[in-house]
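[1] The sequence and its predicted three-dimensional model are supplied below.
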Amino acid sequence: MGLNSTFHSRLLGGVALWILANSGGALAQDTLPDPEETPAGPVLTAPSEEPVSLLQQIVISAGVPKVAIDTPQAVTVLDQEGLDARQARTIGDIFSEVPGVTPIGSNSVLGESINIRGIGEALSGDETRIIIQVDGVNKFFEQYRMGSFFSDPELYKQVEVLRGPASSTLYGSGAMGGVVTFTTKDAGDFLDPGDRLGGRVKTSWDSNGNGWLGSAIVAAEPVKNLELLGALNYRQSQDLTDGHGDKIDDSDFASVNGLIKARYTFGDNDDQSVFASYQNWSSNEDNQNYDQVAWGPDFGDVDRTVTDQTAILGYENAFTGNDLLDVKAQVSWSDTRVEQKNQDQLCVQFAPPPAPPTCYYPFGYNSEYSYETLQGKLDNVSTFQLGDSWMAYVTTGLDAQYQERRNPRDFGSYTRSGSGSHPEGETTNAGVYTQAEFVWNDRVTLIPGMRIDYANVHVGSYVDGTGNTVDLNQDKTRFGYSPKLAAMVKLSDWLGVFGSVAHTERLPSLDEVFSNYTVNAIEKEQSNNFEAGITLSFDDLVVGGDALRLKGTAFRNNITNYYASYWNGTDVVTEIIPKARYEGLELEASYRTGSVYGSLGASLIRGENVSTGGYMNAVPADNAFLRIGYVHQPWNLDFGWKGDFYAAQDRVGTDEDETAGYVLHNLYASWKPEEGHLAGSELRFNVDNIFDKSYRNHLSEDEGAGRSFKLSFAKKF
């Protein structure tokens, strides 16, 4: 165990670094200017025309905004340019260049979940270990053999991934894998100064599955300081084919996604605003495999409608002239709902022939899974000038949510409420937190933080498998604590070191507390995480005007009372592993000259069941990506190659299969005309899996997609 990698993994990483260092590659861009200190905190601005590398993106979800490479935590930011460049078919596709993050489950838009640093399993409810937010709203869904997050990539302008438990301070106890935050598009993204009306239309086509997207966005400022946005996306695809040309069953889908937003800014200094938004994603498919993760035939087919809704109402006030107040408050409603009709019967031969098989509905002829959540959040940032060299930014806040989980199942003569593996109930969470950021001469950053969470899960009466009503009426209450300390020191203009120590406690979910119609004795799941890393920043390294940026992170996450839920062939059971350990290395790097650029990402993760000495399930294979490209400035033409490298994975748990290593080659090109009738347009062409390689990602239950030609055209107006 430990961090000893295989020979071929070390060789692969060394070759990738050599190519990067000698390719003359990096993202064509200007470097970020120095932060401007203002009473409201540091305001960081990226170049407006040129894209920047992932390490130079601005992080807005880890406290006071800061550049990614200067954040004492492993964090990756995907901006609008990065999201568009991927031409993603599903949400999982956008994480292909984020070290330590792996989409899991299947190729189905309804079967995807996320794994961060080995935490997250397709057939287990790990949603409380990885916090997902959309515009500050927690999104949670768990249904056996379904994905956990339903949305469309076209909705978002920025995605941030904060890896590791240090994120728990701001987002909630138990974020053992990390946090993923999605930010939706705003009207201001499509309005130039003085514009009253603007927007964008976009269409794309994908040869594998003959999929296409139609998207329209309208932005308006009908009166000064009132910004309005409306967006509508439609995406559809037939079944994908793998590298052998075989159909990947049930990977077809059609979805509709809408978003409306409004913001009104007011006050003597335009420092106040009220805002509201509503978004809706839906997909309706008939004769669909019940199992969207492993495509097991044992559960039959079903007609399924999935709807995800989020509504937000909020207020912001920067309190110009008052360094102690910079307030944001919002309330929200979230509802994720899966309606299933015409469920197939399952027939089992309990007695030898000629006795007939016994046929029954395991989930009811009709059923519904729903999570409806009310949330509220209030936070404030105070700025303190502690001397000529010291600044302090203190974030304090509180948040709370109430969630109802329902699962009525129609068995004809009666309606059953939930099941042993999916009980109905309510969850109430509340938390208070504070995080201080002390900055000395832009050289030293210290970030202590503390969060305290309260959680209550309740189950009342339910109807069991025989139609009888059982009044369980029990509650379980726990408190969770999440202290942390992070630091970053710039030893010179080119060398920085950082590290953190974080503790967090996850409060068991409703499934874990009330599985199989019994109240389980529960313990808090606890994590002690240690991270250390190095940053390198060189300018004019090889040729004049070039730039190299590199960030490497090592981590060790020791977890006690790790809850592992799995299917034992008869029931979904929960096993508590006394001690588990995850550890690994992550690397991100970029290098650029005036026109040639390149980027590199890599991760090695190990998971050990310390109690038994065996391997943990769902640990991804060692992997790396390498991107090399060229920008032809006179035409604003960007093209290049990207390679995805995956090692074989033979460090598997008892109920996992080993997988072979593979390499995928991809090409891409984009053209953004600046003059003529096509000014404001964007044309992209990608070829994924050029050689039609047959492969399977270690954390996927089906084969990977074969060769695909992707074409998209967008036009701003």
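    Arrived safely, thanks for sending.
[2] Skip the chain neighbours and tell me the closest residue to residue 133.
    Here the nearest residue to residue 133 in space, its sequence neighbours aside, is residue 181; by Cβ to Cβ, 6 or more residues apart in numbering that works out to 4.8 Å. Yep, even glycine has a C-beta here, placed from its N, CA and C like the rest.
[3] same check, this time on residue 66
    On the basis of Cβ to Cβ, 6+ apart, the spatially nearest residue to residue 66 that is not a chain neighbour turns out to be residue 59, at 5.6 Å.
[4] show me what contacts that neighbour?
    Taking Cβ atoms under 8 Å, 6 or more residues apart in numbering as the contact definition, residue 59 lies against 65-68, 71, 75, 77, 160.
[5] Tell me the confidence at residue 166?
    Reading off the confidence values, residue 166 has pLDDT 90.
[6] Pull up the gap between residue 192 and residue 223, please.
    The span separating residue 192 from residue 223 equals 17 Å under the rule Cβ to Cβ, to the nearest Å.
[7] Tell me which residues of the helix or strand harbouring residue 498 come out buried.
    Element membership for residue 498, per DSSP states H and E: strand 495-506. For strand 495-506, the buried set under the neighbour-count rule, 16 or more other Cβ atoms under 10 Å, comprises 496, 498-500, 502-506.
[8] sorry, back to before: next, the residue nearest to residue 66: phi, psi?
    When quoted as degrees, to the nearest 10, the phi and psi of residue 59 stand at phi -90, psi 120.
[9] What confidence value was assigned to it?
    Residue-level confidence at residue 59 comes out at 74, pLDDT.
[10] Ok, residue 15 next?
    Confidence for residue 15, expressed as pLDDT, is 32.
[11] Tell me where the model's unsure across the chain.
    Low-confidence regions of the chain, defined here as pLDDT under 70, cover residues 1-53, 123-127, 295-296, 421, 465, 515-521, 566-573.
[12] Tell me which residues touch the most centrally placed residue in it, please.
    Nearest to the mean C-alpha position of the chain, by Cα atoms, centre = their mean, lies residue 180 at 3.9 Å. When the contact criterion is Cβ under 8 Å, 6+ apart, the partners of residue 180 are 114, 116, 130-133, 159-162.
[13] Most neighbours among the residues you listed, which one?
    Counting by other Cβ atoms under 10 Å, residue 116 has the largest number of neighbours within the contacts of residue 180, with 29 neighbours.
[14] Run through the helices of the protein in chain order.
    Remark: helices assigned in the chain by DSSP state H are 7-22, 80-86, 168-171, 510-513.
[15] Can you list the buried residues in the second one?
    Looking back up the chat, that one is helix 80-86. 81-86.
[16] Going by contacts, tell me the helices and strands next to that helix.
    In this structure, helix 80-86 makes packing contacts with strand 156-163, strand 681-688, judged by 3 or more Cβ pairs under 8 Å, 6 or more residues apart in numbering; DSSP states H and E.
[17] Just name the most buried of those.
    Ranked by mean neighbour count under mean count of other Cβ atoms under 10 Å, the helices and strands packed on helix 80-86 are led by strand 156-163, which reaches a mean of 22.
[18] That strand pairs with which strands, and in what direction?
    Paired neighbours of strand 156-163 in the sheet (DSSP bridges): strand 75-78 (antiparallel), strand 178-184 (antiparallel).
[19] Burial-wise, tell me which of those strands comes out on top.
    Comparing those on average neighbours per residue, with mean count of other Cβ under 10 Å, the densest one is strand 75-78 at a mean of 25.
[20] any idea how far that strand is from the chain center?
    The gap between where strand 75-78 is centred and where its chain is centred comes out at 10 Å by Cα atoms, centre = their mean, to the nearest Å.
[21] go on, stretch 633-650?
    Taking the mean of its C-alpha atoms, stretch 633-650 sits 21 Å from the chain's own mean (Cα atoms, centre = their mean).
[22] measure it end to end?
    Here the two ends of stretch 633-650 are set 46 Å apart, with distance taken as Cα to Cα, to the nearest Å.
[23] got a list of what residue 63 touches?
    Residues in contact with residue 63 (Cβ under 8 Å, 6+ apart) are 170, 393, 395, 435, 437, 447.
[24] from those residues, which two are the most distant?
    In the contacts of residue 63, the most distant members under the criterion Cβ to Cβ are 170 and 393, with 12.9 Å between them.
[25] Check the burial of residue 449 by counting its neighbours.
    22.
[26] all strands of the stretch 151-300 of the chain, in order?
    With DSSP state E, counting those that start in this stretch, the ranges of strands along the stretch 151-300 of the chain come out as 156-163, 178-184, 197-206, 211-220, 226-237, 253-266, 272-289.
[27] Strand 272-289 and the shortest one, what's the angle between them?
    Strand 178-184 and strand 272-289 meet at an angle of 110 degrees, taking axes from the mean of the first three to the mean of the last three Cα atoms, to 10 degrees as the criterion.
[28] For strand 178-184, list the C-alpha coordinates in PDB.
    As requested, the backbone C-alpha atoms of strand 178-184 are provided in PDB (Å, rounded to 0.1, in the frame of the first residue of the first chain):
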ATOM      1  CA  GLY A 178     -14.700  17.600  -1.300                       C
ATOM      2  CA  VAL A 179     -17.100  20.200  -2.800                       C
ATOM      3  CA  VAL A 180     -18.300  20.900  -6.400                       C
ATOM      4  CA  THR A 181     -19.900  24.300  -7.000                       C
ATOM      5  CA  PHE A 182     -21.700  25.200 -10.200                       C
ATOM      6  CA  THR A 183     -22.400  28.800 -11.200                       C
ATOM      7  CA  THR A 184     -25.100  29.600 -13.700                       C
END
